[in-house]
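Asks: from the sequence below, what's the structure:
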Amino acid sequence: KKLRILWRNNGHAENGESEGTCVEIRITPYQSDPDWTDFTVLDSCMPYHRDFDTSGYVTIPEDYAAGKYTINWMWKFGPFYFGACADVLVENANGGSNDPSTTTETTVSGDGSAVTTTPPPPPAAPTPSTTPRAPTTAAPGGTTKSVYEQYQEHGCTGLDNPGKFCYDYFGTYCKGTAGLDACGRSICHLSSHEDLYPCGKRSLRSAN
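Replies: So this is what the prediction gives:
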């Protein structure tokens, strides 16, 4: 049975500090005070976030009997850990249909309660397409600037969708107020201020 585990984003997923860190998920039959050695590892290195989605899936083994279990969530962040526990109820662990469209999914919510739902059908395979051109937008005076030129002039916070731009071009995120240049412009993580035009200088296209 698949179990989806969600946790709250605490800000580290937006400033690069959580990159490469792992979440460990363990399970044990419910007890009032379980010992650390009672837990079995379900996933030893689940990414803390995938594109800022702080959730992941683990699979409860089929040989686990129906009943109440305790899930332990532990985040290995630097030299120290963050941890939390939640109790879940496993039902029909050894029965049910093998048809993925009817497989139930148990989600551990923020308050530790378990909610069982039926996942939606898998999405259709994407249609192949050619490499998209850089998006453009109309500028004052009738000129047209690419979104990258807008980034060079205004930084990522000056864009309509800074998160999408930084992910599309750099595979990262907009750093916001972290590391502003002399003009107060933000850059994408893994980008640099050298990627921006000098303060007060416009692109040649918009200057003509």
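Asks: look up phi and psi at residue 174.
Replies: phi -80, psi 130 (degrees, to the nearest 10).
Asks: so how many other residues sit close to it?
Replies: Per other Cβ atoms under 10 Å, the neighbour tally for residue 174 reads 25. C-beta: built from backbone N, CA, C; applies to glycine.
Asks: please name the bridge partners of it.
Replies: Residue 174 has these beta-bridge partners by DSSP bridges: residue 188.
Asks: repeat that for residue 72.
Replies: In beta-bridge terms (that is, DSSP bridges), residue 72 pairs with residue 26, residue 85.
Asks: pretty sure it contacts residue 82?
Replies: No - using Cβ atoms under 8 Å, residue 72 is not in contact with residue 82, being 11.7 Å away.
Asks: those two: which has the busier surroundings?
Replies: residue 72 (20 against 14).
Asks: could you measure from that one over to residue 5?
Replies: Distance, residue 72 to residue 5, using Cβ to Cβ, to the nearest Å: 10 Å.
Asks: overlap of the contact sets of those two?
Replies: residue 25 (Cβ atoms under 8 Å, 6 or more residues apart in numbering).
Asks: per-residue confidence at residue 185?
Replies: On pLDDT, residue 185 comes in at 89.
Asks: brain fart, residue 163
Replies: Value listed for residue 163 in the pLDDT field: 76.
Asks: tell me which helix or strand it sits in.
Replies: Assigned by DSSP states H and E, residue 163 belongs to helix 162-170.
Asks: and that helix, what's buried?
Replies: Residues 162, 163, 165, 166, 167, 169, 170 are the ones in helix 162-170 that count as buried (16 or more other Cβ atoms under 10 Å).
Asks: for this structure, just list every one of the helices.
Replies: Assigned by DSSP state H, the chain shows helices spanning 147-154, 162-170, 204-207.
Asks: where does this protein dip in pLDDT?
Replies: Applying pLDDT under 70 to the chain picks out residues 10-20, 50-52, 78-79, 92-144, 178, 201-208.
Asks: please parse it into its domains.
Replies: Following automatic domain parsing, one finds the domains of the chain at 2-117, 136-207.
Asks: what sits against the closest residue to residue 84 other than its chain neighbours?
Replies: Leaving out its chain neighbours, the residue that sits closest to residue 84 by Cβ to Cβ, 6 or more residues apart in numbering is residue 73, at 4.8 Å. With Cβ under 8 Å, 6+ apart as the criterion, the residues that contact residue 73 are 5, 7, 23, 24, 25, 83, 84, 85, 86.
Asks: what subset of those residues is buried?
Replies: For the contacts of residue 73, a burial check counting by 16+ other Cβ under 10 Å picks out 5, 7, 23, 24, 25, 86.
Asks: in those, find the pair that's most separated.
Replies: 24 and 86 (14.3 Å; Cβ to Cβ).
Asks: and residue 60, how far from residue 28?
Replies: The spacing between residue 60 and residue 28, counted by Cβ to Cβ, is 12 Å.
Asks: what do the two both touch?
Replies: residue 69.
Asks: including distance to residue 197, could the buried ones among the contacts of residue 73 go into JSON lines?
Replies: Formatted as JSON lines, those follow (distance: Cβ to Cβ, whole Å):
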{"residue": "5", "distance to residue 197": "44"}
{"residue": "7", "distance to residue 197": "40"}
{"residue": "23", "distance to residue 197": "40"}
{"residue": "24", "distance to residue 197": "45"}
{"residue": "25", "distance to residue 197": "46"}
{"residue": "86", "distance to residue 197": "50"}
